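>>> Give the three-dimensional model of this entry:
(chains A and B)
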Amino acid sequence: MQAQRHIEAIEKGCVIDHIPANTGLTLLNLFQLGRTQTSMMIGLNLPSTRMGQKDLIKINGWQLDLLQRQILGLFAPEATLNVIENFQVQEKTHGVCPVMIETVFQCPNKNCITRIEPVKTRFLVNTNPTGTTLKCAYCEKTFGQSVMKNNLLY
Amino acid sequence: MGCNPLYQQSVISMADFSKEQLMYVVLRTLKLKTQASKPLLTGQLIASCFFEASTRTRLSFEAAILSLNAQLIGFDDSKTTSLGQKGETLADSCRVIGQYADALIIRHPCEGAARLASECTQIPVINAGDGANQHPTQTFLDLVSIFETQQRLDDLNIALVGDLKYGRTVHSLVQALSLFGCSFYFVSPKDLMIPDAILQEITQRGCCYTCDEKLSPEWTGSLDILYMTRFQAERFDATELSYLENNFRLSPELLMGAKANLKILHPLPRREEIDLSVDATPYAYYFQQAQNGMYTRQALLCSILSEPELY
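Numbers count the residues shown, from 1 in each chain, chains lettered A, B, ... in the order given. Purely as a prediction, here's the structure:
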């Protein structure tokens, strides 16, 4: 049975496919859509020819904004973002890996000035073969993705 | 020497500076050192805001400011300020201070405070130390001292000894010297090794390095600079501290076979890591290094505040 048949098709919105298994819920949390009325479906640990197992998200009547695309680019750069209209895929793309990301994360360094001052956090993103790291623009400390996932600002 | 690349620029982190900008400050410092009277900042007002205790850095800045004929306002204890007593944010404090002064010097216990200050005011900001992050004026004076003794910064063999994990002066100095293709020998206890992020950075710049857990005379024969650091007493109990200081102490015996141009530096204050008998050797340069602090801060102030064509 194809993975897609586990979850019904949507008329308009977006489908994020080929999300590494165990990443889908993290992405939804980061997208902040859980607190809205947006209708969405998520498949976890679905069989995948390409990946063995994958997660998948379908969001009805919603397109990812730039920040959400950046989050996708950071945490699931290999995922495919499908833009859906009239039940058809209009565009297939990927997340945007940003050079810098603001506001989404708090700095894990408890002695960073951003922990006590009302200032937007800012992280410089560095992607290399060993992985992606985020460097606080203020305290200049560098953190891995696994640490940043646990330091959402919201 | 060309135009002034630092005019109206803030001095926040060594990561912000190019090789050319570093050399500009080094050469300007050495030129200023030869000048007896230098009222180069007459009419300028500089705010010195120390949110954290400091004696040597603060006095060095004050000496630099007054010797340039500039005027000084500020504080050395934030408890007496609105920020300390009324809970005013650092950002607001800097916005207000920026209305009064031509430049702001800030030392703060939190990392990133100087960067934030520079974003909240139009005037140039000098970071006099932000937590465990940066202390760029210390690094500049270290570079001046190295250049003064070696007549260059390129391709030197530099050893750094002691607490290489938490020492902000070490991190900043290595960052700066890696722009000049230096080779590094890092000597520290295993738990206080130089962070991987720094090693990756210098590797990406094509620099070589060796890590060792022991001071030994075998490598001193190739060194140009030996940079000693203090173990921070607050991090260790008395027994651990004593062990570290005894096993990483520099003694004259370790300097047998050293090159004639070798110089020993230390950001001071020191504890037991340098045997007092080393002071009398021709290699000791840490007190001259400390004197360079005032000249370096003069050069930085002049660079950020002097009109380009006056230099």
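>>> Determine the longest helix present in the chain.
You didn't say which chain, so I picked chain A. If you go by DSSP state H, chain A has its longest helix at helix A:66-75.
>>> hmm, I had chain B in mind actually
Taking DSSP H as the criterion, chain B has its longest helix at helix B:286-305.
>>> Convert the C-alpha atoms of that helix to PDB, please.
What follows is helix B:286-305, C-alpha atoms only, in PDB (Å, rounded to 0.1, in the frame of the first residue of the first chain):
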ATOM      1  CA  TYR B 286      54.500  40.600  30.600                       C
ATOM      2  CA  PHE B 287      55.000  43.900  32.300                       C
ATOM      3  CA  GLN B 288      55.900  45.700  29.100                       C
ATOM      4  CA  GLN B 289      52.800  44.000  27.700                       C
ATOM      5  CA  ALA B 290      50.600  45.500  30.400                       C
ATOM      6  CA  GLN B 291      52.100  48.900  29.700                       C
ATOM      7  CA  ASN B 292      51.000  48.500  26.100                       C
ATOM      8  CA  GLY B 293      47.400  48.400  27.400                       C
ATOM      9  CA  MET B 294      47.200  52.200  27.700                       C
ATOM     10  CA  TYR B 295      48.800  52.900  24.400                       C
ATOM     11  CA  THR B 296      46.600  50.400  22.600                       C
ATOM     12  CA  ARG B 297      43.500  51.900  24.100                       C
ATOM     13  CA  GLN B 298      44.700  55.300  23.100                       C
ATOM     14  CA  ALA B 299      45.100  54.000  19.500                       C
ATOM     15  CA  LEU B 300      41.600  52.500  19.500                       C
ATOM     16  CA  LEU B 301      40.000  55.700  20.900                       C
ATOM     17  CA  CYS B 302      41.800  57.800  18.300                       C
ATOM     18  CA  SER B 303      41.000  55.400  15.500                       C
ATOM     19  CA  ILE B 304      37.200  55.400  16.200                       C
ATOM     20  CA  LEU B 305      37.000  59.100  17.000                       C
END
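>>> And it, what's buried?
Judged by neighbour count using 16 or more other Cβ atoms under 10 Å in any protein chain shown, the buried positions of helix B:286-305 are B:286, B:289-290, B:292-305. Heads up, the C-betas are built off the backbone N, CA and C, glycines and all.
>>> Please enumerate the strands of the chain.
Answering for chain A, as no chain was given. All strands of chain A, identified by DSSP state E, fall at A:13-20, A:40-48, A:52-60, A:80-85, A:88-93, A:100-102, A:122-128, A:131-136, A:142-144.
>>> let's do chain B instead
For chain B, applying DSSP E gives strands covering B:45-50, B:71-75, B:103-108, B:125-130, B:157-161, B:183-187, B:209-212, B:225-228, B:263-265.
>>> Tell me where the model's unsure across chain A.
Counting by pLDDT under 70, chain A shows low-confidence ranges at A:1-7, A:34-35, A:154.
>>> residue contacts, the residue in chain A positioned nearest to chain B?
Of all residues in chain A, A:Y138 sits closest to chain B, at 2.8 Å by Cβ to the nearest Cβ. By Cβ atoms under 8 Å, 6 or more residues apart in numbering or on different chains, the residues touching A:Y138 are A:C107, A:C112, A:I113, A:T114, A:V119, A:T121, A:R122, B:E111, B:G112, B:R115, B:L116.
>>> My guess is the first one contacts A:C139. True?
Yes: with contact defined as Cβ atoms under 8 Å, A:C107 reaches A:C139; the gap is 6.2 Å.
>>> Buried deepest among the strands of chain A, which one?
Ranked by mean neighbour count, the strands of chain A are led by strand A:13-20 with a mean of 22 (mean count of other Cβ atoms under 10 Å in any protein chain shown).
>>> Mind giving me the packing neighbours of that strand?
strand A:52-60, strand A:80-85 (3 or more Cβ pairs under 8 Å, 6 or more residues apart in numbering or on different chains; DSSP states H and E).
>>> All set now, cheers.
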